[in-house]
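K.L.:
Could you look at this predicted model? Sequence included:
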Amino acid sequence: MKLVILFGPQAVGKMTVGQSLAARTGFKLFHNHTSIEFVAPYFDYGTPAGNRLVQLIRQELFDEVSRSDLDGFIFTYVWAFDLQADWDYVKHISELFESRGATVCYVELEADYAERLRRNTTENRLLHKPTKRDTVRSERNLIATHESHRLNSAPGELTMANYLRIDNTDLGSDEAARAIVEHFSL
């Protein structure tokens, strides 16, 4: 099995690239908001109950998928490089899948801030992420997170063997997915 962890800041295109990658490979896509949107009608993600339930859903799904005979699985994630907890979380997921024979491929997406602000209100994003439909709140969150966290790695910071960084500011999701498929021979 191949686990593809697609990470980068909000509205960089992780889900959309993940959708294109899933279409090209047949891998299953579990975008970050799948669990958030499931819990959101009951508890906000930022609350203790919301956070606990989202993590529980993800952990149980990761456990089952890592034991399965799926060829591949795609997970999207906003990784704050200034938070040790995020480093630990990515390590935990990676070790879980690797302990069961999977190869982990790390794909970092980056895009200009202005482009991310534009993408924050795209039809596909709003269709699949109901909590982003309050676009004023969503933009405020994007700006606050951009200002308070480092959401892309520094040059040379990530040293994994299976790592690819893509600036998709001017790249369509199909082009980015094609680059991922080619780089990792998926």
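P.N.:
That came in fine, so what should we check first?
K.L.:
What residues does residue 108 make contact with?
P.N.:
Residue 108 sits next to 7, 8, 152, 153, 158, 163, 164, 165, 166 when contact means CB atoms under 8 Å, 6 or more residues apart in numbering. Every C-beta, even on glycine, is put in place using the N, C-alpha and C of the backbone.
K.L.:
so the fourth one sits in a strand?
P.N.:
No - in this structure, residue 153 is coil, not part of a strand, as judged by DSSP: H, G, I helix; E, B strand; the rest coil.
K.L.:
from memory it sits against residue 81, does it?
P.N.:
Yes - between residue 153 and residue 81 there is a contact at 5.6 Å, judged by CB atoms under 8 Å.
K.L.:
Only the buried subset of the contacts of residue 108, as a ChimeraX command please.
P.N.:
A single ChimeraX command selects the buried members of those (16 or more other CB atoms under 10 Å):
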select :7,8,152,153,163,164,166
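K.L.:
So which residues of this structure form strands?
P.N.:
2-7, 28-30, 72-77, 103-110, 163-167 (DSSP state E).
K.L.:
If you count neighbours, what's buried in the fourth one?
P.N.:
Residues of strand 103-110 classed as buried under the neighbour-count rule (16+ other CB under 10 Å) are 104, 105, 106, 107, 108, 109, 110.
K.L.:
Check the fourth one and give its pLDDT.
P.N.:
The confidence metric pLDDT takes the value 98 at residue 107.
K.L.:
tell me the contacts of it?
P.N.:
4, 5, 6, 7, 17, 163, 164, 165, 166, 180.
K.L.:
Just grab the bridge partners of it for me.
P.N.:
Beta bridges link residue 107 to residue 6, residue 164 when assigned by DSSP bridges.
K.L.:
now, which of the contacts of residue 108 sits nearest residue 63?
P.N.:
Nearest to residue 63 among the contacts of residue 108, counting by CB to CB, is residue 7 at 20.5 Å.
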